[in-house]
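Asker: mind looking at a prediction? Sequence and model below.
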Amino acid sequence: RCVQETGYGLDSFIKELHNKHKHFVPIIDPGIAVDPNFRIYTEGLNNGVFLKGPDGKIPIEGVTWPGYSVWVDFLNPNGDEYWEDCLVQLYTTISFDGLWLDMNQPSNFCDGECSDELHYNYYYFPLDFYNNLYYNPTHRPLEDSTISMQAVHYGGNANNNEFNYHNLFSLYQTNSTAKFFNQKLNKRPLIVSSATFPGVGRYASHWLGENYASWRYLEYSIPGIFNFGMFGIPFVGADICGTRGNATIALCSRWMQLGAFYPFMRNHNGAGNLPQEPYIDPKLKSVSDKAIRLRYSLARYIYTQYMQTSLKGGMIFKPVLFDYPDDPLLYSNLDTTFMFGNAIKVTPVLEDHTSTLISYFPNSDWYEFPSLKKVMSYNPNSKEGKNLTLVCGLENENINVHLKGGVILPYQSAPLADTSITAITKLKSLPISLIVIPDHDEKANGKVFYDEEQSLEKLTYHDYSLTLANSEIIVKLMGGNPQYKYMGLDRKISQITVINAKKYKDTLCAKAFNLRGQAIELNFKYEAADEKLVLTAKSGNLDIEDLTKVIWSNSKCQSHIYHINTKSVSYTHLTLPTKAQVQISVVA
């Protein structure tokens, strides 16, 4: 309310944030102050958009942060318009980038209706009513810290009471808020919702709520995020370092390491607790800096995983079992390790005073990241994996991150060394590298996704699919518009690194070809110690939008026949012996 009327200088603060490529997401509570001098309240009262008491006429009141409060009835056809108008008025005062919808259960500082005094008011339903519900594991009154179950929604039907619609409040509110972003700002919504219901994931993300600064809650966060991924809400995280109680430096350090792989990463503290910002302690600062920069180095991969999940479903943060469903041993290792997207396995430290830990790896090729050192090989004679001992002493400040064989990963090494990179947006000015890791069948695949990030236009994106088979990588534009031009420099490829590349140690030729069939000479170097082949352009970087194939061969360079079928918008090439090649096809 204060921000609505005065702004408190937030507009200049937000401009400063935007100049630093940062964003501002304020918390909005749904309780609207009961005050005849408050225009937002009087407008809603005059339009009849608030939830009503049992008589269906007078708005039902509770108590939230501004004092006595009322709530929008989103079943009312005028409720959406009223809520969106409120957000428009707020946006004219402070140009926020997203919205955090808190206390939208909706929460109430008293129980049921409390317009006269603060007291426990359960008179609407007798206590034995709660014992007869189909599911009420706590046997606590349903009006505990929320509004009366006899509040009346729009429609005049006897069943339109809060008892029947309570759990839908967050769904209706996030939907209405998403409409504001889509229709008023013409951009995709960034909404974080406290309460959820099936379907909320279409409009909003979520955090796991207030937690405790304890090792147990650190571990609890992993299955918590699993659950919401299965509920269709993949962009989820826990309050890093804990909201309640005081976190030790060791706990907070380990939580920052785990949190670097939460889909939604946020360090959050409670009032009255000891500080837990990374800068309060040299060790915590160093650990946090390395964890965040590792996350930044994977920004294009992470964004690609987000978009694939958004467009096609699935989970970003998931049990390893989901990628290896035929391994029964993974059932006993469900929530101490996880897959982050389709390429990365993370094994966090979940207990204090831990210098080594044992983690189960399913039967596959596995490589340390970012060192790319091989730690396990696929065993064709077994269906079982292995327990590996991992070094994880806090003095090492490392996170046990591993890449599985059979992946092609977009990666940017600059954030690990360049301390001037303090915002994700700066990564758009830097090229990517492709790390190619063949599996035991010499196959690999990956994705790279580019778009305008906030645009609602359906065809302003490029969705590239990369597939390695039989010494050949094929990259297809699986979705989007071939005419779309992504302006970020992270569409440029500075380096292609092929791991486990001993068979290419005698490479004598490497070339790339653009959309016009023109050859681009490449530098190539086989690094015997690491058994990897590194390819780079002799001049500048390769542009993925103007790239059709890359060939490396253990034969001397020769002329290649390269056909372009513009009618079907696809590209073909002549297969040559003893060579590997990267081909990009645009599929209409």
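Answerer: Structure received.

Asker: per-residue confidence at the closest residue to residue 554 other than its chain neighbours?
Answerer: Nearest non-adjacent residue to residue 554, counting by CB to CB, 6 or more residues apart in numbering: residue 506, 4.5 Å away. (C-beta placed from N, C-alpha, C; glycine too.) We note a pLDDT of 92 for residue 506 in this prediction.

Asker: how about residue 27?
Answerer: Predicted confidence (pLDDT) for residue 27: 94.

Asker: apart from its chain neighbours, what residue comes closest to it?
Answerer: Leaving out its chain neighbours, the residue that sits closest to residue 27 by CB to CB, 6+ apart is residue 100, at 4.3 Å.

Asker: any idea how far residue 476 is from the one you found?
Answerer: 38 Å (CB to CB, to the nearest Å).

Asker: what's the answer for residue 270, then?
Answerer: Relative to residue 476, residue 270 is positioned 49 Å away (CB to CB).

Asker: and residue 223, what are its phi and psi?
Answerer: Residue 223 adopts backbone torsions of phi -60, psi -30, taken as degrees, to the nearest 10.

Asker: OK, contacts around it?
Answerer: Residue 223 makes contacts with 334, 335, as judged by CB atoms under 8 Å, 6 or more residues apart in numbering.

Asker: picking up where we left off before, what about the residue nearest to residue 554, which SS state?
Answerer: The assignment at residue 506 comes out as coil when based on DSSP: H, G, I helix; E, B strand; the rest coil.

Asker: got phi/psi on it?
Answerer: Dihedral angles (degrees, to the nearest 10) for residue 506: phi -100, psi 30.

Asker: need the nearest residue in space to residue 452, chain neighbours excluded.
Answerer: Spatial nearest neighbour of residue 452, excluding adjacent residues (CB to CB, 6+ apart): residue 460 at 5.1 Å.

Asker: nope, residue 219 is what I was after
Answerer: Closest to residue 219 by CB to CB, 6+ apart is residue 350, at 4.6 Å.

Asker: hmm, the one you found is touching residue 336, no?
Answerer: Yes - contact criterion CB atoms under 8 Å: residue 350 and residue 336 qualify, at 6.3 Å.

Asker: ok now the helix or strand where residue 179 lies, how far from the chain's centre?
Answerer: Taking DSSP states H and E as the criterion, residue 179 maps to helix 169-179. With CA atoms, centre = their mean, to the nearest Å as the basis, helix 169-179 stands 20 Å off its chain's centre.

Asker: list the contacts of it.
Answerer: For helix 169-179, contacts defined as CB under 8 Å, 6+ apart pick out 30, 71-72, 74-75, 79-80, 83-84, 87, 99, 101, 104-106, 189, 191, 193-200, 202-204.

Asker: how about a cut-off of 7 Å?
Answerer: Applying CB atoms under 7 Å, 6 or more residues apart in numbering, the external contacts of helix 169-179 come out as 30, 74, 80, 83-84, 99, 101, 104-106, 189, 191, 193, 195-197, 199-200, 203-204.

Asker: repeat for stretch 23-36
Answerer: Against stretch 23-36 from outside (CB under 7 Å, 6+ apart): 1, 14, 17, 40-42, 44, 61-62, 64-72, 94, 96-104, 106, 173, 190.

Asker: one step back: the contacts of helix 169-179 in helices, which ones?
Answerer: Taking DSSP state H as the definition of helices, the contacts of helix 169-179 contribute 80, 83, 84.

Asker: so which of these wins on neighbours?
Answerer: Within these, residue 83 tops the neighbour count with 22 neighbours, counted by other CB atoms under 10 Å.

Asker: in this structure that residue contacts residue 72, no?
Answerer: Yes - the pair residue 83 and residue 72 qualifies as a contact (CB atoms under 7 Å) at a distance of 5.5 Å.

Asker: lowest-scoring secondary structure element of this structure by mean pLDDT?
Answerer: strand 570-573 (a mean of 32; mean pLDDT, DSSP states H and E).

Asker: what about residue 164, neighbour count?
Answerer: Neighbour number of residue 164 under other CB under 10 Å is 13.

Asker: quick one: residues in contact with the helix or strand it falls within.
Answerer: Taking DSSP H and E as the criterion, residue 164 maps to helix 162-165. Applying CB under 7 Å, 6+ apart, the contact partners of helix 162-165 are 75, 147, 148, 149, 150, 151, 153.

Asker: surely the residue nearest to residue 554 touches residue 553?
Answerer: No - counting by CB under 7 Å, residue 506 does not reach residue 553; the two are 9.6 Å apart.

Asker: neighbour count: these two, which is higher?
Answerer: residue 553 (23 against 11).

Asker: coming back round to it: chain center to the helix holding residue 164, what's the gap?
Answerer: Counting by CA atoms, centre = their mean, helix 162-165 comes out at 32 Å from the chain centroid.

Asker: restrict that helix to CA atoms and write it as PDB.
Answerer: Provided in PDB are the C-alpha atoms of helix 162-165 (Å, rounded to 0.1, in the frame of the first residue of the first chain):
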ATOM      1  CA  GLU A 162     -14.600 -21.400   0.500                       C
ATOM      2  CA  PHE A 163     -14.700 -25.000   1.600                       C
ATOM      3  CA  ASN A 164     -15.100 -26.100  -2.000                       C
ATOM      4  CA  TYR A 165     -12.800 -23.600  -3.600                       C
END
